[in-house]
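S.K.: build me a model from this:
(3 chains)
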Amino acid sequence: MSTLDPPLAEIHRRVLTWYASAGRDLPWREPGCTPWGVFVSEVMSQQTPVARVEPAWSAWMRRWPTPADLAADSPGEAVRMWDRLGYPRRALRLHAAATAMVERHGGQVPADEEALLALPGVGAYTAAAVATFAYGIRTTVVDTNIRRVHARLVTGDALPAATLTRAESSLATSLLPEDDAEAATWNVAAMELGALVCTARSPRCAACPVEDLCAWRRAGSPAYDGPARRGQAWADTDRQVRGRLMALLRESPDPVAASDLAAAWPADEAKRERCLASLIEDGLVEPVGDSSYRLPA
DNA sequence: CACTCGTGGAA
DNA sequence: TTTCCAAGAGT
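M.R.: This next block holds a predicted model:
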């Protein structure tokens, strides 16, 4: 554990100042936003770019302003409203989380990180993010943006490792400001720096408030030299087929006939049937009668 | 721990 | 056109 030079306080000051002027005015960052609004924004933002989340979040919050409002509706409606944000199991889990809030937390988003972690669809990142952004609690947030900022600024690597390491987590904790409010702002500011400036591809170092302090820049911006990162295949994968089937089911207010689902992926019947079965297993689809299907009621 | 799970925009 | 990858979670 080495002492940073220059002092951490200087990094904090510069990044917080940068964030105050360059941070985006996202609706869930407004002072009046409810913890539920923050919670929804965090779940929607898991693996989905903010630009696509923003309109979806607004529509969602208009329809279901509280956890109880969502819990009172069907999981299928949540999946339909999720539309094309991707990974629709998140919609199912968000609905289940709302139900848990009603049943176990008086209809409120819990402030305790432990309780948050117990909710469906909430992992280490989301629990910390909701605790700090909705409730101002001083806790360590580690997302892909923050990992990349730390990798470059402190460690001197072009990119972080493929999976989160213990060293990264303890580094993030060691960088956290002591003050509660400042820690919360630091968390969002570091994420924002990674999202807008310290990006994965072609970072905009000229716009970075800490470029002269960056270990990676000081080392001459060496290229990534870790193990090859395997890209996500898409064509002919189960994910593509599931997506095709879900699109049909979302668009139809009525149950969809098996023959219509078959037409959505005629090339490989076995694969199609397997995907439909997995969607049913996941609770994203339910059979109606003998040969039609719908989103869960 | 490695793998799966959607979608679409930008390089 | 192809490739990359974006506020991760669950198994």
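
S.K.: for the nearest residue to residue A:45 once chain neighbours are set aside, grab phi and psi.
M.R.: Excluding the flanking residues, the one nearest residue A:45 by CB to CB, 6 or more residues apart in numbering is residue A:53, at 5.3 Å. Yep, even glycine has a C-beta here, placed from its N, CA and C like the rest. Main-chain torsions, residue A:53, degrees, to the nearest 10: phi -70, psi -40.

S.K.: so residue A:53 is in contact with residue A:44, correct?
M.R.: Yes: counting by CB atoms under 8 Å, residue A:53 does reach residue A:44; the two are 4.5 Å apart.

S.K.: who touches both of these two?
M.R.: residue A:85 (CB atoms under 8 Å, 6 or more residues apart in numbering).

S.K.: gap between the residue nearest to residue A:45 and residue A:69?
M.R.: 19 Å (CB to CB, to the nearest Å).

S.K.: what's the answer for residue A:294, then?
M.R.: For residue A:294, the distance to residue A:69 - CB to CB - is 22 Å.

S.K.: contacting residues for the residue of the stretch 1-150 of chain A found nearest DNA strand B?
M.R.: For the stretch 1-150 of chain A and DNA strand B, the shortest gap (CB to the nearest atom of the strand) falls at residue A:86, measuring 2.0 Å. Going by CB under 8 Å, 6+ apart, residue A:86 touches A:47, A:48.

S.K.: what residue spans form the domains of chain A?
M.R.: When chain A is parsed with automatic domain parsing, its domains come out as A:1-220, A:238-294.

S.K.: and the nearest residue to residue A:171 once chain neighbours are set aside, what is it in contact with?
M.R.: In space, and not counting its chain neighbours, residue A:171 is closest to residue A:150: 5.7 Å by CB to CB, 6+ apart. Residues in contact with residue A:150 (CB under 8 Å, 6+ apart) are A:160, A:168, A:171, A:172, A:175, A:190.

S.K.: hmm, the helix or strand harbouring residue A:150 in reach of DNA strand B?
M.R.: Assigned by DSSP states H and E, residue A:150 belongs to helix A:144-150. No: between helix A:144-150 and DNA strand B, judged by CB under 7 Å from any atom of the strand, nothing touches; the nearest distance is 11.8 Å.

S.K.: residue A:154 contacts residue A:172, correct?
M.R.: No: applying CB under 8 Å, one finds residue A:154 not in contact with residue A:172, separated by 9.7 Å.

S.K.: shared neighbours, these two?
M.R.: Jointly contacting residue A:154 and residue A:172 under the rule CB under 8 Å, 6+ apart is no residue at all.

S.K.: show me which residues of chain A are close to DNA strand B?
M.R.: Near DNA strand B, when you scan chain A using CB under 7 Å from any atom of the strand, you find A:47-49, A:51-52, A:84-89, A:162-163, A:201-202, A:230, A:232, A:234, A:237-240, A:242-244, A:246-247, A:278, A:284.

S.K.: from these, keep the buried residues only.
M.R.: If you count burial by 16 or more other CB atoms under 10 Å, the buried members of the residues of chain A next to DNA strand B come out as A:48, A:85, A:87, A:88, A:242, A:243, A:246, A:284.

S.K.: hmm, back to that, what's the closest of the domains of chain A to DNA strand C?
M.R.: Each of those has some distance to DNA strand C by CB to the nearest atom of the strand; the shortest is domain A:1-220, at 2.6 Å.
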